[in-house]
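Student: Below is the sequence, then the predicted model.
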Amino acid sequence: MSTTTNGYKHLSERIAEHTEEKHLPGGWVVLKFGGTSVGKFAENIADVVKNGLSTHRAAIVCSARSSNTKLEGTTNRLLRCARAAEQGSRAYEPIVEALRVDHIQAAKDTLKDGAVLAAFESEVNAECEGLVRILESALHLSEVSSRTEDLIVSRGEKLSCRYMAALLNDGGTPAQYVDVSEVFKTPSPKKGGVGDVFYPNLAEALGREVEACGDKVPVITGFFGNVPGGILSAVGRGYTDLCAALVAVGVKAEELQIWKEVDGIFTADPRKVPTARLLSSVTPSEAAELTFYGSEVIHPFTMEQVIRARIPIRIKNVMNPRGNGTIIFPDRFDDSAPGSPTKSAGLFRTRSASLLSALQRPKRPTAVTIKHNVIVLNVHSNKRTRAHGFLMNIFSILDRWHLSVDLISSSEVHVSMALHSESALLSGGGDDEYKIQNKDLHGAIDDLRSLGTIDIVPDMAIVSLVGKQLKNMIGISGRFFSVLGDNNINIEMISQGASEINISCVIEEREADRALNVVHTNLFTFLE
Ligand SMILES: Nc1ncnc2c1ncn2[C@@H]1O[C@H](COP(=O)(O)OP(=O)(O)O)[C@@H](O)[C@H]1O
Ligand SMILES: N[C@@H](CC(=O)OP(=O)(O)O)C(=O)O
């Protein structure tokens, strides 16, 4: 049997192996497991997969291992290797060694069969040697292109999936490691975005890879293909959710399951609001809005692909597999979902409550969420341009510096914008001693000064009320803002109306958790 250099069998060979496969019952269910789940609950994952096989065919997609938190996880460590190499430092060597030892230790702790363990050890050694060779080239060039960064980051998913495949095989569930990091080999990725056919073609290619595994459970690297511009800039962290979505579309799955360490989507972050309730279902638009505004339960790009193919997404808990979780699927009231029967193609839209929505009882918001690490950027015009030119100039400067705005509120001569950045400012200690450490923000502020006076309000957070029924809840904005006011929480900026399912405002970061709790107590619990 011929194999690729890394021991991975070609697609044609795997198809040939399974010409007489006997199919398992049921249709496909695609299960995605995040990095902390693979790191902490690998044996639970093996049980979930094994138990599910009695009712459906399963394909699993995994992220890179995080033994504790995502911050200390494999992907972050690989990114540190890349940064070291481009700065001409060999500081990546101990990091790669630690990754190698971690993966082998995890296998020693869980695998029973000596032969499976030995095979896994040599796979890990080969992956790590390959990684060091890539980092050495980057070191000599003092450069890490987006393609090289992708090659480095992809090792995380390769290692974790080799481990999960070994664990499943060791426990008696025949599994097949499937590396999809090179599904689209050539042409090499071009800059300039992803066209309309890119994801549908990728989904088809992924579907073929999965089908070729026959009765074995495919264990698919969540790092997929050569995305134009590089996976980290085109898709961003959390790309494994999108990979799982594309696999689900490719195999026409009955369901896509995103397994987390939380029971599903709650009315508020359950770690911060003890009275938060689990939601049995939310619409894709609500899930997207919640994700964007701080409840990062699922990558925002996941919804579009799967919902267009009418595949439901279920969020489930790896620590509580019996729970039903939360299902994300358009309901007949979700007129913003792609392909929704109630979506109107017309230009004009009436604001009056639709008959369908009016039938719903009781009306209530779906969830409340907080986005942290926000700054408010105020621009007061110097009146040298008319208002429409003013806004256009602001947006072209932000675009030039790759800054995106989360919320905006404007008058003819004043614009307030809330921007999210993990590392925008560096606190110097005293109240007024902040330094702008993000070079894009720095550049944008310098350019914006040509339009007027600029000031920045640091340490803010966005609190958002999300729900498909908000548009029909007369007085809800008033109640939302009064609850904050009654609890002495000052509102810096308000934005409502751009999305019918979201009312947001900006408050001080130090009030964020209190705001979440008072809004939840006053606008959710009395509706039980
Ligand atoms: N409305 C919400 N419902 C459920 N989880 C939420 C919500 N808002 C925020 N969260 C947080 O999102 C995280 C969900 O995922 P989890 O699997 O624990 O982490 P990870 O994203 O690292 O895989 C949890 O930390 C949870 O506290
Ligand atoms: N490992 C990648 C991709 C990913 O999807 O992660 P997770 O599923 O653990 O959020 C990252 O950290 O970004």
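Tutor: Alright, I've got the coordinates. Numbering: from 1, shown residues only. Ligands and ions are numbered 1, 2, ... in the order given.
Student: Quick one: name the residues of the chain near ligand 1.
Tutor: For the chain, the residues in contact with ligand 1 (CB under 6 Å from any ligand atom) are 34, 36, 70, 260-262, 265-266, 268-271, 295-297, 367, 369. The C-beta positions use only the backbone N, C-alpha and C, and glycine is treated the same way.
Student: Pull out the buried residues from those.
Tutor: Among the residues of the chain next to ligand 1, the ones that count as buried by 16 or more other CB atoms under 10 Å are 34, 36, 70, 260, 262, 265-266, 268-270, 295, 297, 367, 369.
Student: Those residues also near ligand 2: which ones?
Tutor: Among those, the ones lying near ligand 2 by CB under 6 Å from any ligand atom are 34, 70.
Student: Columns distance to residue 499 and secondary structure on top of the buried ones among the residues of the chain next to ligand 1, output as JSON lines?
Tutor: Listed next are those as JSON lines, based on distance: CB to CB, whole Å; DSSP: H, G, I helix; E, B strand; the rest coil:
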{"residue": "34", "distance to residue 499": "27", "secondary structure": "coil"}
{"residue": "36", "distance to residue 499": "31", "secondary structure": "helix"}
{"residue": "70", "distance to residue 499": "28", "secondary structure": "helix"}
{"residue": "260", "distance to residue 499": "25", "secondary structure": "strand"}
{"residue": "262", "distance to residue 499": "25", "secondary structure": "coil"}
{"residue": "265", "distance to residue 499": "18", "secondary structure": "coil"}
{"residue": "266", "distance to residue 499": "21", "secondary structure": "strand"}
{"residue": "268", "distance to residue 499": "19", "secondary structure": "coil"}
{"residue": "269", "distance to residue 499": "20", "secondary structure": "coil"}
{"residue": "270", "distance to residue 499": "24", "secondary structure": "coil"}
{"residue": "295", "distance to residue 499": "15", "secondary structure": "coil"}
{"residue": "297", "distance to residue 499": "18", "secondary structure": "coil"}
{"residue": "367", "distance to residue 499": "14", "secondary structure": "strand"}
{"residue": "369", "distance to residue 499": "13", "secondary structure": "strand"}
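Student: Point out the least confident one among the buried ones among the residues of the chain next to ligand 1.
Tutor: Sorting these by pLDDT puts residue 70 at the bottom of the list (77).
Student: if I look at it, how far off is residue 36?
Tutor: Going from residue 70 to residue 36 by CB to CB, to the nearest Å gives 6 Å.
Student: In stretch 371-383, which residues are buried?
Tutor: Residues 371, 373-379, 381 are the ones in stretch 371-383 that count as buried (16+ other CB under 10 Å).
Student: List the backbone torsions phi and psi for the nearest residue to residue 166 once chain neighbours are set aside.
Tutor: What sits nearest to residue 166 in space, not counting adjacent residues and going by CB to CB, 6 or more residues apart in numbering, is residue 120, at 4.3 Å. The phi/psi pair for residue 120 (degrees, to the nearest 10) reads phi -60, psi -40.
Student: Just the pLDDT for the residue of the stretch 251-400 of the chain found nearest ligand 2.
Tutor: Scanning the stretch 251-400 of the chain for proximity to ligand 2 using CB to the nearest ligand atom identifies residue 299 as nearest, at 6.9 Å. As summarised for this prediction, residue 299 has a pLDDT of 91.
Student: Ok, residue 258 next?
Tutor: For residue 258, the model assigns a pLDDT of 98.
Student: Helix, strand, or coil at it?
Tutor: Recorded secondary structure, residue 258: strand (DSSP: H, G, I helix; E, B strand; the rest coil).
Student: give me the number of residues near it?
Tutor: Counted with other CB atoms under 10 Å, the neighbours of residue 258 add up to 26.
Student: Tell me if I'm right that it and residue 30 touch.
Tutor: No - with contact defined as CB atoms under 8 Å, residue 258 does not count as touching residue 30 (9.4 Å).
Student: what is in contact with the two at once?
Tutor: Residues within reach of residue 258 and of residue 30 at once, by CB atoms under 8 Å, 6 or more residues apart in numbering, are residue 244.
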